[in-house]
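Chemist: Got a predicted model here, sequence first, then my questions.
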Amino acid sequence: MPISTSDLRDRLAARAVEEGFTAIGLCDPGAIPGAAARLAAFVAEGRHGQMGWMAERMEWRGDPTALWPEARTVIMLAEAYTPGHDPLAVLSRPEAGAVSVYAQGKDYHDLVKKRLKRLGRWLIDAAGPETQIKVFVDTAPVMEKPLAQAAGLGWQGKHTNLLGRGIGNWVFLGAIFTTLDLPKDAPEPERCGSCTACLDACPTKAFPAPFQLDARRCISYLTIEHRGPVDPDLRPLMGNRIYGCDDCLAVCPWNKFAQEAREIGYAPRVPEAPLLAELAALDDAGFRARFAGSPIKRIGRDRMVRNVLYAIGNSGLRGLRPAAEALTADPDETVAEAAAWALARLP
């Protein structure tokens, strides 16, 4: 006797938990009708900065039905990476660099995608070989956060990240598109209320208004995506954040409901507070060796050392002058300029 779609959906949810996912929700591929317009406005205002890929293939990104017309259901999955420590404590240590929690462990793209593929294979086995799937983890033109809200996992908060009553906001998102027509979940309404904790916490005031982000002022964008020198007016506001920024996530009151991370791979491999002097001394080979298997590796040595020099310039520590002096003649012009900027600010 063929399995009903409702029974299949229930079994799928149970299997997702067995695989290590924190939450699952299902929605229709066409459930985010306003996303395309919001994306177009974001790009038209230039708020995407140098992230040209956001402007490319906007038709697919804003409309999942255009990405894969055969899809009948989007299965959204959340996976917790909740830190076991205070991610903001390092901000009071000027000799060290602050690395975003998500980048302290193994690359989540690899870990989540393997889990999605295993779940997808299970779905094909359970539903039949005619079932088709596609899996996505942050690297394809898929707007995971609006889809996750449509699937009932949570809502996009005033910091534009997804958060939920049962999961907080320390989650990675993955998607399985399928040709199966499965029962859908109700979307989750926004529940931020009058809270502005995330907006108030942003060091660079990267939120022009609640639920809006200007990436050009976001420290995560500046330290990871932005190529070349950072605006000198923004550098002092970056503090010792050298890869990403967790301030808006860390202060969200809904994190009292955050789930513990179950994946051992998210345990810190990169020290929570790496010393700036050590990072400044890295050459290309040393950088690759130190950050192998980490999402940090993709920005390369030059961009990381640039970030480290901004942190050194913000440290106020005379003892870090030698680290900056050693880089004033660096072959990379941006690194050399950052070294000179840091020296000019140190006692």
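Modeler: That came through fine.

Chemist: For the longest helix belonging to the chain, which outside residues touch it?
Modeler: As assigned by DSSP state H, the longest helix anywhere in the chain is helix 108-127. Residues outside helix 108-127 that contact it (Cβ atoms under 8 Å, 6 or more residues apart in numbering) are 3, 8, 11-12, 15-16, 19-21, 77, 79, 81, 102, 131, 133, 135, 137-139, 172, 174-176, 178, 180, 263, 265-266, 295. Backbone N, C-alpha and C define where each C-beta goes, glycine included.

Chemist: Kindly recompute the last result at 6 Å.
Modeler: 15-16, 19-20, 79, 131, 133, 135, 137, 172, 174, 176, 180, 263, 265 (Cβ atoms under 6 Å, 6 or more residues apart in numbering).

Chemist: next one: stretch 79-89
Modeler: Residues contacting stretch 79-89 (Cβ under 6 Å, 6+ apart): 21-22, 101-102, 112, 170-172, 246, 250, 258-261, 266.

Chemist: Please apply the same query to stretch 208-225.
Modeler: Contacts of stretch 208-225 (Cβ under 6 Å, 6+ apart): 47-49, 51, 158, 160, 204, 206-207, 230, 238, 241, 243-245, 299, 307.

Chemist: From those, which land in helices?
Modeler: Asn307.

Chemist: Out of the contacts of stretch 79-89, list just those in helices.
Modeler: Those of the contacts of stretch 79-89 lying in helices (DSSP H): Val112, Ala250.

Chemist: State the mean pLDDT of stretch 223-238.
Modeler: Mean pLDDT, stretch 223-238: 98.

Chemist: Can you point out the buried residues in that stretch?
Modeler: Judged by neighbour count (16 or more other Cβ atoms under 10 Å), stretch 223-238 contains these buried residues: Thr223, Ile224, Glu225, His226, Val230, Leu234, Arg235, Leu237, Met238.

Chemist: How about stretch 165-181?
Modeler: 167-178, 180.

Chemist: what sits up against that stretch?
Modeler: Looking at what lies outside stretch 165-181 - Cβ under 6 Å, 6+ apart - the contacts are 22-23, 68, 70-82, 108, 112, 116, 120, 127, 131-137, 142, 144, 148, 161, 163, 249, 252, 254-255, 257-259.

Chemist: how about the helices in the stretch 201-347 of the chain?
Modeler: Counting by DSSP state H, counting those that start in this stretch, the stretch 201-347 of the chain has helices at residues 219-224, 247-250, 276-280, 284-290, 300-315, 321-325, 333-345.

Chemist: if we can go back for a sec, just give me the closest of the contacts of stretch 79-89 to Pro94.
Modeler: Checking the contacts of stretch 79-89 against Pro94 with Cβ to Cβ, the nearest one is Asp246 at 17.6 Å.

Chemist: For Ala197, give its distance to Met238.
Modeler: According to Cβ to Cβ, to the nearest Å, Ala197 stands 20 Å off from Met238.

Chemist: should've said Gly62
Modeler: Gly62 is 31 Å from Met238, by Cβ to Cβ.

Chemist: ditto for Leu173
Modeler: 26 Å.

Chemist: Also Thr139?
Modeler: Distance from Thr139 to Met238, by Cβ to Cβ: 26 Å.
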